[in-house]
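[1] Output the structure for:
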Amino acid sequence: MNRPIRRVAVVVMVLFALLLGNITFSAVVRENGLNNHPNNRRVRDAEFGQDRGAILVGNEPVADTAPSDDRFKYQRSYPQGELYAPITGYYSYDHGSIGLEATFNGQLAGTDDSLVVRRLIDIVTNKPPTGAMVETTVNAEAQQAAYRGLDGRKGAVVALDAKTGAVLALVSTPSYDPNRIASHEIGDAEDAYQELANSEDEPLSNRAVREAYPPGSTFKLVTAAAALENGVPADQLWDSPARLKLPGTETYLPNESPCGGEKIDLEQALKVSCNTAFANVGISLGADKMREQAEKFGFASRQLPDLNGAASRFPDNPNDAQLGLSAIGQFDVAATPLQIAMVSAAIANDGVLMQPYLVDSVRGQDLSPISTTRPRELGQAMSEENARILQGWMQTVVNDGTGRNAQISGMEIGGKTGTANTTPEAPPYAWFTSYGRSTDRTVAVAVFIEEAPEARDDISGGRLAAPIARSVMQELL
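    Numbering: from 1, shown residues only. Prediction:
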């Protein structure tokens with residue numbers, strides 16, 4: 001063999017080696033990415049031709065599949081579309097999927113590795129492949145109460161089991177009907193998607209877990225926890241003037257109502273939501289201690305990956321004036337309603353913060369368990385002793401303070417109201433975060449109202465948000 005032929009042979013061998021390497025890499029490493037690529041219509045056509053598993057609330061499907069007479073063979077449907085859309089998401093031919101439809105796509109479609117044995121059995125027995133069922137932790141009655149309470153206003157409600165982290169209700173409004181986007185009439189589905197995507201009300205935004213907002217005075221719970229955890233005596237008095245000149249500025253921070261004296265303790269400050277006292281607490285503690293306490297409650301970490309939850313945040317390097325505002329949940333503090341529910345849940349659970357989760361189990365069509373979620377601790381947000389002090393203060397807010405509208409006769413209820421200013425043109429946000437305890441259950445509920453038709457001066461957490469929390473609590477307790 002002469003030298004030119006040998007060179008050609010070597011080049012051909014190298015090319016074959018590279019080709020085999022690329023095929024191996026694609027099969028082993030890129031398989032999931034290629035299968036899930038939005039432009040891979042063959043995989044999507046195959047999935048649409050399968051009997052997709054149901055998403056359940058209790059024993060009722062909130063996302064299900066039925067045979068159809070078109071080329072896809074099966075139609076995805078959402079019997080209570082708008083009520084559960086923030087949880088289920090949608091399953092669309094042209095727009096993929098979001099929510100549980102996305103994060104549990106493999107299990108629902110029957111293609112996940114955990115279902116390989118069942119797929120082999122289906123092949124051997126010549127049965128059409130079927131997806132697994134996803135069982136959520138949601139309580140149907142609490143979900144309905146939260147949805148009714150918001151009554152179409154922009155906002156969100158999140159309820160948690162404080163001892164396990166299970167999500168008991170998760171509502172975001174305005175919502176949308178996933179059936180329209182899941183339609184096999186591709187043109188109609190595209191029109192529906194574009195209508196929702198371009199709506200000023202942003203119904204596709206999950207306000208409960210994906211959007212972060214100024215939490216207002218609900219953040220005072222974090223400030224109070226930071227004080228207790230850093231050795232501040234519960235009965236220490238704090239300056240609480242009618243207005244506070246913020247350090248290094250000509251700006252004055254006012255109170256919305258009298259605080260009950262020129263010097264008050266933190267229980268009184270929480271009861272009447274005294275801005276100036278809490279601003280002084282935050283400035284006294286310093287940014288590092290405030291940030292550390294916020295992160296112990298879950299700030300700066302993404303929560304509820306099942307719904308691609310966003311991280312809440314505390315500002316990095318605030319000066320003293322900014323820190324005073326941050327201590328009352330303003331400036332650059334931003335939190336999801338889920339995060340604010342986690343704060344109340346950790347306090348109610350004697351300081352132990354549990355990881356929120358939305359899916360209880362995944363089961364095969366024969367109801368055999370494939371996977372089950374076990375409650376997991378995220379950490380000790382505060383000591384048991386200090387948590388119980390703060391529980392008492394939250395009860396004072398509900399029994400004698402700004403949270404009276406959350407009272408339930410015969411029940412231990414604690415809470416904190418919040419009203420967060422945004423821009424001069426926009427109405428303030430109304431918040432209420434709370435916990436409730438019965439003999440066998442401790443729950444936390446956070447309510448957020450982004451926009452309400454009431455007059456600006458009538459918008460407050462105690463007036464608008466607390467009654468919604470109470471209705472959800474009543475269903476859970």
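[2] what about this protein, any weak spots by pLDDT?
    1, 21, 23-44, 113-129, 423-425, 452-460 (pLDDT under 70).
[3] list the contacts for the spatially most central residue of it?
    When C-alpha atoms, centre = their mean is applied to the chain, the residue found nearest the centroid is Val209 (2.7 Å). Going by C-beta atoms under 8 Å, 6 or more residues apart in numbering, Val209 touches 86, 158, 170, 303-304, 307-310, 336-338. Backbone N, C-alpha and C define where each C-beta goes, glycine included.
[4] residues touching Gln339, list them.
    Taking C-beta under 8 Å, 6+ apart, one finds 212, 215, 297-299, 303, 312 in contact with Gln339.
[5] so which strand or helix has it?
    helix 337-348 (DSSP states H and E).
[6] Mind checking what helix or strand follows that helix in sequence?
    strand 352-354.
[7] elements contacting that next one?
    helix 337-348, strand 377-380 (3 or more C-beta pairs under 8 Å, 6 or more residues apart in numbering; DSSP states H and E).
[8] Distance from it to the middle of the chain?
    16 Å (C-alpha atoms, centre = their mean, to the nearest Å).
[9] still on that earlier bit, and the contacts of Gln339, which is closest to Asn22?
    Checking the contacts of Gln339 against Asn22 by C-beta to C-beta gives Gln303 as the nearest, at 38.9 Å.
[10] distance of Lys296 from Ala226?
    Here the criterion is C-beta to C-beta, to the nearest Å. By it, Lys296 lies 9 Å from Ala226.
[11] With Ser77 instead?
    In terms of C-beta to C-beta, Ser77 sits 48 Å off from Ala226.
[12] between the two, which one's more packed in?
    Ala226 (24 against 17; other C-beta atoms under 10 Å).
[13] did I read that right, that one in a strand?
    No. The assignment for Ala226 (DSSP: H, G, I helix; E, B strand; the rest coil) gives helix, which keeps it out of a strand.
[14] I'd say it and Asp288 touch.
    No. Using C-beta atoms under 8 Å, Ala226 makes no contact with Asp288, being 10.2 Å away.
[15] Out of the helices and strands packed on strand 352-354, which one sits most buried?
    Highest mean neighbour count of those: helix 337-348, a mean of 30 (counted as mean count of other C-beta atoms under 10 Å).
[16] For the stretch 1-150 of the chain, just list every one of the helices.
    With DSSP state H, counting those that start in this stretch as the definition, the stretch 1-150 of the chain shows helices at residue ranges 3-28, 31-35, 41-48, 81-88, 100-103, 105-109, 116-124, 140-150.
[17] How about the stretch 201-350 of the chain?
    220-229, 266-272, 275-285, 287-296, 320-326, 337-348.
[18] Go through stretch 297-315 and flag the buried ones.
    Across stretch 297-315, burial judged by 16 or more other C-beta atoms under 10 Å covers 297-299, 303-304, 306-307, 309-310, 312-315.
[19] same check, this time on stretch 77-89
    77-78, 80-89.
[20] from these, which two are the most distant?
    Ser77 and Pro86 (17.3 Å).
[21] Turn the helices of the stretch 201-350 of the chain into CSV, including distance to Ala192.
    Output for those, formatted as CSV (distance: least, C-beta to C-beta, whole Å):
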stretch, distance to Ala192
helix 220-229, 41
helix 266-272, 46
helix 275-285, 45
helix 287-296, 40
helix 320-326, 41
helix 337-348, 26
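[22] Comparing those helices, which comes out most buried?
    The most buried one of the helices of the stretch 201-350 of the chain (mean count of other C-beta under 10 Å) is helix 337-348, showing a mean of 30.
[23] so Ala192 sits in a helix?
    Yes. Inclusion of Ala192 in a helix is indicated when three-state DSSP is applied.
[24] Helix or strand: which one has the nearest residue to it once chain neighbours are set aside?
    Spatially, and ignoring its direct neighbours in sequence, Ala192 is nearest to Arg180 (3.6 Å; C-beta to C-beta, 6 or more residues apart in numbering). Counting by DSSP H and E, the element that carries Arg180 is helix 178-181.
[25] Pull the residues that contact that helix.
    63, 77-78, 81, 85, 88-92, 95, 188-189, 192-193, 196.
[26] 10 Å instead?
    Helix 178-181 is touched from outside by 62-63, 75-79, 81-82, 84-85, 88-95, 97-99, 101, 188-193, 195-197, 204, with contacts defined as C-beta atoms under 10 Å, 6 or more residues apart in numbering.
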